[in-house]
Every structure is written in structure tokens, then in C-alpha cells.
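K.L.:
3D, please:
(one chain, ligands or ions: 1)
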Amino acid sequence: MEEKRTVCVTGASGYIGSWLVKTLLERGYHVRATVRDPGNEKKVKHLLELANASTHLSLWKAELAKEGGYDDAIQGCEGVFHVATPVELINQRQDGEEEIEATTLNGILSIMRSCSKAKTVKRFVYTSTAGTITVQPQPPVSEFTEDLCSDIDLCYLHKMYGCMYVVAKTIVEKAGWKYAEENGIDMVTVHPSLVLGGPFITPYTNISIGAAISLYTTGIASLKMMNGFSAVHVDDVCNAHIYLFENPLAKGRYICSSHTVNLFKIADSLSLKYPDRNIPTQFEGLNEAQTMIPCSSKKLMDLGFEFAHKNKETRDLCAETIESCREKGLLG
Ligand SMILES: NC(=O)c1ccc[n+]([C@@H]2O[C@H](COP(=O)([O-])OP(=O)(O)OC[C@H]3O[C@@H](n4cnc5c(N)ncnc54)[C@H](OP(=O)(O)O)[C@@H]3O)[C@@H](O)[C@H]2O)c1
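P.N.:
So this is what the prediction gives:
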């Protein structure tokens with residue numbers, strides 16, 4: 001295995017973070033994984049069991065709301081992948097901006113200040129979301145691209161599902177770009193659409209896994225969120241993070257998305273695959289013929305990135321996620 005550089009991954013225990021750590025370790029990186037509680041076996045055992053973890057992985061305790069909390073983990077790193085976000089908290093809430101700011105906004109700024117102090121960080125890769133692009137008063141005719149920025153007033157106006165998530169991610173990303181420009185940080189942002197697929201590493205589910213399996217579990221709120229939205233395999237998302245870290249020509253924002261979700265088609269297919277589950281195939285309030293506006297990954301692909309899972313059907317990404325949950329006994 002080729003010896004590589006030392007990088008830090010925040011939010012390493014989560015769905016995307018743990019897969020990113022796995023991929024970095026497989027490629028020979030030394031990984032400093034930050035978690036809020038290294039003593040919580042449920043949150044770290046899956047990381048410690050990864051291939052090469054015994055020689056190339058270290059765990060660091062860090063919390064977004066604590067200024068300077070990432071200094072030690074980042075000192076000496078060449079790259080920082082900032083993946084952590086209190087997704088659960090901000091997805092449930094329709095208010096509470098102050099608390100959300102204290103974690104997400106102060107979190108990114110604190111981490112970027114740690115990068116400045118370290119003087120060793122060559123690139124800062126931030127996991128944003130397609131949600132900071134797709135909330136538009138006048139949606140584009142053909143596709144969403146990186147030059148768009150979500151309208152947060154519209155999020156509040158429509159009290160849309162996950163409103164505070166989109167608001168927080170949009171504010172945080174803007175603050176990150178401002179800090180990067182003012183302080184000479186080489187920042188690249190990755191904008192995944194809904195992240196699906198497996199077999200995932202975490203021993204628990206999260207919001208996007210919940211959405212991917214929602215037809216199976218009939219989680220109605222998640223179902224509504226899914227229809228017409230774009231999606232991408234977690235493996236492609238993590239490969240894109242590393243590709244953008246390694247490619248000297250990478251610059252700016254990059255959508256990472258390969259599929260568009262048609263809930264009706266997926267439901268038809270999954271109801272055949274799991275006949276005992278009574279999977280619904282009709283959805284009140286949703287339009288089967290709704291126009292799908294994809295998130296374009298042209299900028300990422302023009303840079304040379306290839307999606308490994310783009311030829312899979314979306315229903316197969318959902319089925320992979322369901323099977324992974326079944327194997328782990330997470331479906332009750
Ligand atoms: N999943 C998707 O569909 C999707 C799509 C687009 C963008 N994203 C972005 O991808 C990133 C990761 O998402 P995910 O799906 O992997 O979420 P996840 O499984 O919920 O993981 C979130 C991680 O954030 C950490 N975290 C939460 N609150 C924290 C705090 N106050 N201080 C420090 N760490 C904290 C958690 O670490 P602990 O171990 O300490 O609890 C956890 O590892 C997020 O930034 C999200 O916005 C996700």
C-alpha cells in the first residue's frame with residue numbers, strides 16, 4: 001500500500017464520514033477521525049474495525065460548538081474533510097436559529113480557523129448539499145448547476161420539509177467561502193443530492209438512509225421529500241471528496257449527483273421485490289408526471305471524475321440500502 005498524507009475527517013462516525021474514512025484508509029492515508037465521544041463504542045467500533053485502522057486511524061474528540069476544539073486534530077494535516085453537521089437536530093426543527101448557528105456556523109468558522117493556525121492544510125473540503133442550490137423561486141428549465149444558490153426566504157415562506165437544514169447549510173457555506181477568500185484557504189465544496197446505497201458501515205440509520213428505505217418502512221415525510229429529487233451512491237460521494245482533494249485543478253463548488261428519483265417507478269419495482277411488505281404504489285398529493293429537474297454533475301465529470309454507480313437503477317440503490325439495514329437488524 002502506497003504511504004500517503006495525513007488528513008482529518010470531521011463527523012467521521014456518520015453515514016458519509018465513516019465511508020470516507022474507509023476509502024481514505026484503503027488508499028493509504030493516515031486519518032484523524034473526529035467524533036464527539038470516542039468512548040461511545042456504538043459510535044466508533046465500526047471505524048476501529050476498518051481495514052488499516054490499527055496503523056492508520058486515530059480518533060480525536062471534538063465538538064462543533066467548542067471554539068478551537070479541532071486545533072489538535074488538524075495540526076499537521078494536509079487536508080481537512082469537514083463532514084460533520086447536526087443533521088438530526090436541524091432537520092427536525094422549524095426554528096431555533098441561535099442554537100443551529102452555535103453549532104453549524106461557529107463550527108465551520110472554528111474549523112477553518114484551526115486550518116489557518118495549523119499552516120499545514122493545503123485544501124479544505126466541505127460537505128455541503130445540493131439543497132444549497134435547488135431551492136429556487138424560478139427553477140431552471142433543464143438542470144440545477146453550481147452557479148445557483150438557494151433562496152432561504154423561500155424555505156421559510158413555504159415551511160418546506162427540512163427547512164432549517166437548507167437554511168443552515170446555505171448560511172454555513174456562504175460564511176465558509178467568505179472566510180476562505182479573506183484568509184487564503186483553498187476550499188472546495190461538494191454538493192451531494194440525496195445519498196443512498198450500501199452496504200453502509202454505521203450500525204444505525206440516519207435521515208438519508210431513512211429516506212432510502214422509506215418505501216419499505218412507509219415513512220411518509222421522507223417519501224414526499226424523495227420524489228423528483230436527485231440521488232447519488234455514498235461510494236461515489238466519498239470518491240468525489242477525495243478526487244477533489246487530490247486534483248490540483250479543483251476549484252469552487254461541485255454538485256455530486258447521478259440519479260433522479262421517480263418514487264412511483266421505484267415503488268412499483270420494490271413492491272414486486274418485497275411482496276410481503278405492502279409497499280404503497282400511489283401517493284396522495286404527489287404527481288406521477290412531475291417534471292424532474294436533475295442536479296448536473298457536469299463540472300465534476302469535466303474535471304475527470306467518473307461515477308462508479310451511475311449505471312445502477314435508483315431502485316437498486318434503495319434496495320442495497322434496505323438489504324444493508326436488514327443484515328444489520330435495523331428494521332425491527
Ligand atoms: N446523507 C445525505 O443524503 C446528505 C446529502 C447531502 C449532504 N449531506 C451532508 O453530508 C454530511 C454528513 O451527513 P450524513 O448523512 O453522514 O449524516 P450523519 O450520518 O447524521 O452524520 C453526521 C455526523 O455529524 C456529527 N455531528 C453532529 N453534530 C455534531 C456536533 N455538534 N459536533 C460535532 N460533530 C457533530 C456526528 O458525529 P457524532 O459521532 O459525534 O455524533 C455524525 O458523525 C452533512 O454535512 C450533511 O449535510 C448529506
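K.L.:
where in the chain is pLDDT low?
P.N.:
Counting by pLDDT under 70, the chain shows low-confidence ranges at 1-3, 90-97, 219, 221, 223, 332.
K.L.:
of all of it, which residue lies closest to the ligand?
P.N.:
Residue nearest to the ligand within the chain: Gly14 (2.2 Å; Cβ to the nearest ligand atom). Just so you know, the C-beta spots here come from the backbone N, C-alpha and C atoms, and that holds for glycine as well.
K.L.:
what's around that residue, how many residues?
P.N.:
Other residues near Gly14 come to 24 when the count uses other Cβ atoms under 10 Å.
K.L.:
now do the same contact list for it.
P.N.:
Counting by Cβ atoms under 8 Å, 6 or more residues apart in numbering, Gly14 makes contact with Val83, Ala84, Val87, Thr202, Asn206.
K.L.:
hang on, the second one is in a strand, isn't it?
P.N.:
No - residue state for Ala84 (DSSP: H, G, I helix; E, B strand; the rest coil) corresponds to coil; a strand is not indicated.
K.L.:
that one and Asp147, how far apart?
P.N.:
27 Å (Cβ to Cβ, to the nearest Å).
K.L.:
more neighbours: those two, which one.
P.N.:
Comparing Ala84 with Asp147 by neighbour count (other Cβ under 10 Å), the higher total belongs to Ala84, at 27 against 10.
K.L.:
list the residues that contact the more buried one.
P.N.:
Remark: with contacts taken as Cβ under 8 Å, 6+ apart, Ala84 is in contact with Thr10, Gly11, Gly14, Gly17, Thr34, Leu64, Gly107.
K.L.:
top of these by number of neighbours, please.
P.N.:
Thr34 (29 neighbours).
K.L.:
how much space separates that residue from Ser18?
P.N.:
Going from Thr34 to Ser18 by Cβ to Cβ gives 12 Å.
K.L.:
overlap in contacts of these two?
P.N.:
Contacts common to Thr34 and Ser18, judged by Cβ under 8 Å, 6+ apart, are Ala12.
K.L.:
is Val21 part of a helix or strand, or is it coil?
P.N.:
Per three-state DSSP, Val21 ends up helix.
K.L.:
how many neighbours does it have?
P.N.:
Counted with other Cβ under 10 Å, residues neighbouring Val21 total 29.
K.L.:
contact partners of the helix or strand encompassing Phe124?
P.N.:
When elements are assigned from DSSP states H and E, Phe124 belongs to strand 123-127. Here strand 123-127 makes contact (Cβ under 8 Å, 6+ apart) with 11, 16, 78-83, 85, 108, 111-112, 115, 173, 176, 180, 185-190, 192, 241, 244-245, 250.
K.L.:
and with 7 Å instead?
P.N.:
Under the contact criterion Cβ atoms under 7 Å, 6 or more residues apart in numbering, strand 123-127 has outside partners 16, 79-83, 108, 112, 115, 173, 176, 185-190, 241, 244-245.
K.L.:
next secondary structure after it?
P.N.:
Next along the chain after strand 123-127, taking DSSP H and E as the criterion, comes helix 131-134.
K.L.:
which residues sit in contact with Thr321?
P.N.:
Going by Cβ under 7 Å, 6+ apart, Thr321 touches Leu196, Gly197, Gly198, Ile209, Ala212, Ile213.
K.L.:
how many residues are close by the closest residue to it other than its chain neighbours?
P.N.:
Excluding the flanking residues, the one nearest Thr321 by Cβ to Cβ, 6 or more residues apart in numbering is Ala212, at 3.9 Å. Applying other Cβ under 10 Å, we find 31 residues neighbouring Ala212.
K.L.:
next: the one 4 residues further on.
P.N.:
Neighbourhood size, Tyr216 [other Cβ under 10 Å]: 20.
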